[in-house]
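# No letters, just coordinates:
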């Protein structure tokens, strides 16, 4: 996974946390729920990228084994 993806996912997660906190502070349930959803989406993207990284590492290991 590229550094840009990591930064983007983390920024989205932090934005969601801020939105959730602001919703909690102002008793705005919709805003709080949106913040939680943004955080979940960012974490799901991160997990998907981690799976891609792991698959690439395995493929690289197999290639190295047959050199």
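Good, I have the coordinates. Since the structure is predicted, the reported quantities are computational estimates derived from the model, not experimental observations.

# remind me, longest helix of this structure?
helix 29-65 (DSSP state H).

# in the least confident helix or strand in the chain by mean pLDDT, what's buried?
Counting by mean pLDDT, DSSP states H and E, the weakest-scoring helix or strand in the chain turns out to be helix 29-65, with a mean of 91. Within helix 29-65, the residues that count as buried by 16 or more other Cβ atoms under 10 Å are 31, 32, 35, 38, 39, 42, 45, 46. No exception for glycine: its C-beta is placed from N, CA and C like everyone else's.

# would you turn the residues you listed into JSON lines with distance to residue 24?
Shown next, in JSON lines, are the buried residues of helix 29-65 (distance: Cβ to Cβ, whole Å):
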{"residue": "31", "distance to residue 24": "9"}
{"residue": "32", "distance to residue 24": "5"}
{"residue": "35", "distance to residue 24": "8"}
{"residue": "38", "distance to residue 24": "14"}
{"residue": "39", "distance to residue 24": "13"}
{"residue": "42", "distance to residue 24": "18"}
{"residue": "45", "distance to residue 24": "24"}
{"residue": "46", "distance to residue 24": "23"}
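
# Of the residues you listed, which is the nearest to residue 54?
Closest approach between the buried residues of helix 29-65 and residue 54, by Cβ to Cβ: residue 46, at 12.7 Å.

# Find the nearest non-adjacent residue to that closest one, please.
residue 9 (4.8 Å; Cβ to Cβ, 6 or more residues apart in numbering).

# where's residue 33 relative to residue 16, distance?
To residue 16, residue 33 is 10 Å away according to Cβ to Cβ, to the nearest Å.

# which other helices and strands contact the least confident helix or strand of the chain?
Packing partners of helix 29-65 (3 or more Cβ pairs under 8 Å, 6 or more residues apart in numbering; DSSP states H and E): helix 3-25.
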